[in-house]
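Colleague: what would the 3D arrangement of this be:
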Amino acid sequence: MKNKKSLGLPRREWLQTSLALAAGSLAPLPLLAQGGAALTGAGSDTASSAYGAANLGLGVTRQLGEFLSGIQYANLPGTATHEAKRAVLDWLGCALAGSQHPTPQILISTFKQMGSFAAVNVLGQQGLKLSLLDAAVANGQMGHVLDFDDTHLGGVILHTSTATMPALLSLGQHRHSSGQDLLVALVAAFEAGIRTGQAMPRHHHGGWHLTGTLGTVAATAGSARLLGLDAKQTIYALGIGCTQAAGMQQNRGSDCKSLHAGKSAYHGVLASMLASNGFNSSAEILEGSLGFVRIYSATQNLPALTADLGKTWLITGNGYKPYACGVVLHPLIDAAIKVSQLAKVPSADVASLEMTVHPDVIRITGVDTPGSGLMSKFSANHAAAVAYIDQAGGVQQFSNERAREASVQAMRKIVQIKASPDLRLDQARAKITTKSGAVFEATIEHATGTIANPMSDIDLEIKFMGNATKAIGQAQARKVIDMVWALDQVKDVGQLVALCA
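Modeller: Model prediction:
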């Protein structure tokens, strides 16, 4: 038996000792550390060192926690608070559009079956209330299910708002938080989530879905700030959140992908509430030898966690989606639409459509024959085909019906996706050859919605109206827009929730 060697006992003595322990007639042996030395106590550095979790004294989590807890609305530049309003408006529209999708309806029905406590509103559900945790999960899934939500591309592809906003609405409605409180909390969430991602260069390559992992960090930081936790409590909240974080890319195209966003919000609510009541965690959860940054990525860049804190605000680098699919497909869609408009040739007359993209596009969206709308959101072939035919990339272009439509399936077969390391992630090229031999080409330098080619406030309003009107009506949707632009004057975010419920 394996354990006889670790205890250093002969086989007979090992068996007798094991039987005695099982019978309760012998005091437990001291827990052995590596090399045979007994651990001296739970939580001590001597005990932790056996597991590689001793305090390193780097103070990274502490420094970030102190910074997050100290962010004040009065000290934020107008660019950061305005971008936070843009993020709120865009996410609310995505969640209201997603509220009509069958996937979150399954989730909501399941919560009802399990007896969720009615505390705060679920968006777009005619006044339905669930518990703080359940509502956060439901609203999070609704916000992400269409893959239409904002995406930060500052070295990290993260849907920060969809992981964070559901947590802030649950807590904010419950505690009657102000609009300023919500904006500050969202800014804090971007700081924590993006910085943690920048410190983990190989995290995405490990198969993790960042909205479930880094999204938990963001949601926890935002929730902690909304509750007004002090530095020590914020540090503990980060540890409580990080130890729950999960989400696998294998679930792309399934109901589980958008569940990751909801669970991130759930973790943020739970972590911040537990920390507010004295629950503790490791004070080095990010940089520790067995901490988040080290075990979730093969390489680390720890300085990114604290570089230029308070000098730059990462929310100002947020991007917004004109198309309802994976963000890496957006330059490809732009290029396909552009070449379609240029050529004016029906898809039936196209012999080939060649798309050249950044290598990560193929790595992330290599689904050649998607059988569902959710799966088509990660198919470069589908995105190119449907964008060429429809000259659009909205919710309808990535529906079950469009994924199975004969003309789209036929077009997918003549799409060729090629990778070029010379292209940036926001670039793409399209080239069609018609059956008559004519050739048309188009190049996109910066995809629509990125920082270099941003969507305006008016663009976001138009997108919001298109997303929200079906769920809450045109007049109500206009009221939401007006309230979001004046969110710094709103005394209770429950007013905003009520407009969207």
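Colleague: neighbours of the closest residue to residue 253 other than its chain neighbours, just the number please.
Modeller: In this structure, residue 253 finds its nearest non-sequential neighbour in residue 375, 3.5 Å apart by Cβ to Cβ, 6 or more residues apart in numbering. Any C-beta I mention is one placed from the backbone N, CA and C, and that applies to glycine too. Per other Cβ atoms under 10 Å, the neighbour tally for residue 375 reads 18.
Colleague: and residue 375, helix, strand or coil?
Modeller: What DSSP: H, G, I helix; E, B strand; the rest coil gives for residue 375 is helix.
Colleague: from what I see, it and residue 257 are in contact.
Modeller: No: counting by Cβ atoms under 8 Å, residue 375 stays clear of residue 257, with 10.1 Å between them.
Colleague: contact partners for the residue nearest to residue 253?
Modeller: The contact partners of residue 375, taken as Cβ atoms under 8 Å, 6 or more residues apart in numbering, are 252-253, 367, 403.
Colleague: which pLDDT value goes with the residue nearest the centre of the chain?
Modeller: Nearest to the mean C-alpha position of the chain, counting by Cα atoms, centre = their mean, stands residue 211 at 2.3 Å. In this model, residue 211 is scored at 97, pLDDT.
Colleague: ok, and the closest non-adjacent residue to it?
Modeller: Distances taken as Cβ to Cβ, 6+ apart put residue 159 closest to residue 211, at 4.7 Å, once the chain neighbours are dropped.
Colleague: ok so, going back, now the contacts of residue 375 in JSON lines, with secondary structure and neighbour count?
Modeller: Shown next, in JSON lines, are the contacts of residue 375 (DSSP: H, G, I helix; E, B strand; the rest coil; neighbours: other Cβ atoms under 10 Å):
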{"residue": "252", "secondary structure": "coil", "neighbour count": "18"}
{"residue": "253", "secondary structure": "coil", "neighbour count": "19"}
{"residue": "367", "secondary structure": "coil", "neighbour count": "17"}
{"residue": "403", "secondary structure": "helix", "neighbour count": "23"}
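Colleague: nearest to residue 58, of those residues?
Modeller: residue 252 (34.5 Å; Cβ to Cβ).
Colleague: where does this structure dip in pLDDT?
Modeller: Low-confidence segments of the chain (pLDDT under 70): 1-52.
Colleague: make it 90
Modeller: Confidence mapping of the chain against pLDDT under 90 gives the ranges 1-57, 100, 153-155, 252, 363-364, 366-368, 371.
Colleague: domain parsing for it?
Modeller: Domains of the chain are assigned by automatic domain parsing as 60-321+481-500, 328-444.
Colleague: buried deepest among those domains, which one?
Modeller: Mean neighbour count (mean count of other Cβ atoms under 10 Å) peaks for domain 60-321+481-500 among those, with a mean of 22.
Colleague: for it, measure first residue to last.
Modeller: Domain 60-321+481-500 has its terminal residues 39 Å apart, counting by Cα to Cα, to the nearest Å.
Colleague: now do the strands in the stretch 151-300 of the chain.
Modeller: For the stretch 151-300 of the chain, applying DSSP state E, counting those that start in this stretch gives strands covering 151-152.
Colleague: for it, what spans make up the helices?
Modeller: 160-175, 179-198, 210-226, 231-242, 255-276, 292-295 (DSSP state H, counting those that start in this stretch).
Colleague: just put these in a markdown table and tack on distance to residue 92.
Modeller: Formatted as a markdown table, the helices of the stretch 151-300 of the chain follow (distance: least, Cβ to Cβ, whole Å):
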| stretch | distance to residue 92 |
| --- | --- |
| helix 160-175 | 8 |
| helix 179-198 | 12 |
| helix 210-226 | 16 |
| helix 231-242 | 23 |
| helix 255-276 | 14 |
| helix 292-295 | 29 |
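Colleague: out of these, which is closest to residue 419?
Modeller: When the helices of the stretch 151-300 of the chain are compared by Cβ to Cβ, helix 210-226 sits nearest residue 419, at 21.4 Å.
Colleague: helices and strands around that closest one, which ones?
Modeller: If you count contacts as 3 or more Cβ pairs under 8 Å, 6 or more residues apart in numbering; DSSP states H and E, helix 210-226 packs onto helix 60-70, helix 160-175, helix 179-198, helix 231-242, helix 255-276.
Colleague: okay, those helices in JSON lines with distance to residue 146 next?
Modeller: As requested, the helices and strands packed on helix 210-226 are exported to JSON lines (distance: least, Cβ to Cβ, whole Å):
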{"stretch": "helix 60-70", "distance to residue 146": "30"}
{"stretch": "helix 160-175", "distance to residue 146": "10"}
{"stretch": "helix 179-198", "distance to residue 146": "20"}
{"stretch": "helix 231-242", "distance to residue 146": "26"}
{"stretch": "helix 255-276", "distance to residue 146": "8"}
